[in-house]
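*Asks:* prediction below, plus the sequence it came from.
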Amino acid sequence: MCSQSVQTTTLGATNITVPALGIGTWQWGDNLFWSYGKDYGSDQVRSAFEAAVEAGITFFDTAEVYGLGESERLIGKFMRDSDRPIQVATKYFPLPWRFGAQAVADTLTASLERLQLESVPLYQVHAPLDFLMGQRTLMNALADEVEKGRIGAIGISNYSAEQMRKAHSYLAARGIPLAVNQVRYSLLTRQIETNGILDTARELGVTILAYSPLAQGLLTGKYTPESAPKPEGARRLDPRFSPKGLEKIAPLINALKQMGETHQRTPAQVALNWLIAQGNVIPIPGAKNADQARQNAGALGWSLSPEEVAQLDQLSRI
């Protein structure tokens, strides 16, 4: 796959266009929630970066809190050694002791320094926390940075439908669109379809960035009731990884495998393609190595049939 032929999506009502699938980089440099430095390290994530870029996936989502800045530092190094144009989205975490617009400017400055960039195409608020600042002040501070040219578009993450509408209205008063809402969305995590988030995003023209689009690996087909590897970390507490949980989703996993055989794709690629088929949704799966990055890229360049999309829709309503 070459970068010239990769599907693209525009971020909300902006003029910023990115590949229709990105790479989430929480795993890069993080050893609190992930096993970075133990099971994999900088060489593996560099190879993931290079494989993704080679496949035309040049959109990477990070955050200041991923590895306490290490994810941004790694991406900055990788970009410096790449001859391809890379688009990076990062995030501001509204911590309790950050109040006032200057906190936003200072945090963005630190992220840009780690990324070795003068600006980023997308800057997001990591969570809908008010604390001492308030959303109006926060959105106006972000709007100031758009006007200064240090960020191209404004996004939010984990905002409810009502919170998204408020953020949208504050930015609209400045003549700036709300570009994205980054939320958990997959065939096994479909709450945004019923809690108003997806409908409101469509109404307002906000793009959904779908994190955890493979449901922590459940949609890869790797976990089955018959031969399930022992889950690690937080997955050990997730009942979906139990034998009973795996039996419940087996019909869906079997359908993903069958459709994968039809299209010569993996179950994970089918699951990611289903998300893209929802329209104005950009999946951002993680990738800890080159193989995973190439696997992710294989979700592009083809389409499930409407009948297949409907079948997966029905099987995943569990």
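*Replies:* Here it is on my side, so go on. Just so it is clear, the model here is predicted, and its values are computed rather than measured. Numbering: from 1, shown residues only.
*Asks:* the helices in the stretch 1-150 of the chain, which residues?
*Replies:* Listed in chain order, the helices found in the stretch 1-150 of the chain under DSSP state H, counting those that start in this stretch are 42-54, 70-80, 101-115, 135-148.
*Asks:* as JSON lines, those with mean neighbour count and distance to residue 307 would be great.
*Replies:* For glycine as for every other residue, the C-beta is placed from the backbone atoms N, C-alpha and C. Converted to JSON lines, these look like this (neighbours: other CB atoms under 10 Å; distance: least, CB to CB, whole Å):
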{"stretch": "helix 42-54", "mean neighbour count": "20", "distance to residue 307": "31"}
{"stretch": "helix 70-80", "mean neighbour count": "21", "distance to residue 307": "39"}
{"stretch": "helix 101-115", "mean neighbour count": "18", "distance to residue 307": "43"}
{"stretch": "helix 135-148", "mean neighbour count": "19", "distance to residue 307": "42"}
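*Asks:* who's in contact with residue 245?
*Replies:* Going by CB atoms under 8 Å, 6 or more residues apart in numbering, residue 245 touches 238, 239.
*Asks:* buried residues of whatever helix or strand it lives in, list them for me.
*Replies:* Element membership for residue 245 (DSSP states H and E) is helix 243-263. Neighbour-count burial for helix 243-263, counted by 16 or more other CB atoms under 10 Å, picks out 245, 246, 249, 252, 253, 255, 256, 259, 260, 263.
*Asks:* so what's the gap between it and the chain middle?
*Replies:* 23 Å (CA atoms, centre = their mean, to the nearest Å).
*Asks:* equivalent analysis for stretch 173-186, please.
*Replies:* Worked out by CA atoms, centre = their mean, stretch 173-186 lies 13 Å from the chain centre.
*Asks:* the stretch 201-318 of the chain: helices as residue ranges?
*Replies:* Remark: helices assigned in the stretch 201-318 of the chain by DSSP H, counting those that start in this stretch are 243-263, 267-277, 290-297, 306-315.
*Asks:* so for the third one, mean pLDDT?
*Replies:* The predicted model assigns helix 290-297 a mean pLDDT of 97.
*Asks:* contacts for it, please.
*Replies:* By CB under 8 Å, 6+ apart, helix 290-297 touches 1, 21, 23, 44, 47-52, 55-57, 266, 268-269, 272, 285-287.
*Asks:* let's see it at 10 Å
*Replies:* With contacts defined as CB atoms under 10 Å, 6 or more residues apart in numbering, helix 290-297 is touched by 1, 6, 19, 21-24, 27, 44-57, 213-214, 220, 265-266, 268-269, 272, 283-287, 289.
*Asks:* next, the buried residues of that helix.
*Replies:* Quick answer for helix 290-297 (16+ other CB under 10 Å): 290, 292, 293, 294, 295, 296, 297.
*Asks:* nearest to residue 138, of these?
*Replies:* Distance ranking of the buried residues of helix 290-297 against residue 138, using CB to CB, places residue 296 first at 31.8 Å.
*Asks:* quickly note the distance from that closest one to residue 142.
*Replies:* According to CB to CB, to the nearest Å, residue 296 stands 29 Å off from residue 142.
*Asks:* contacts only, for residue 102.
*Replies:* Residue 102 makes contact with residue 141, according to CB under 10 Å, 6+ apart.
*Asks:* these two touch, right, residue 299 and residue 268?
*Replies:* Yes: look at residue 299 against residue 268 with CB atoms under 10 Å: they come within range, at 7.6 Å.
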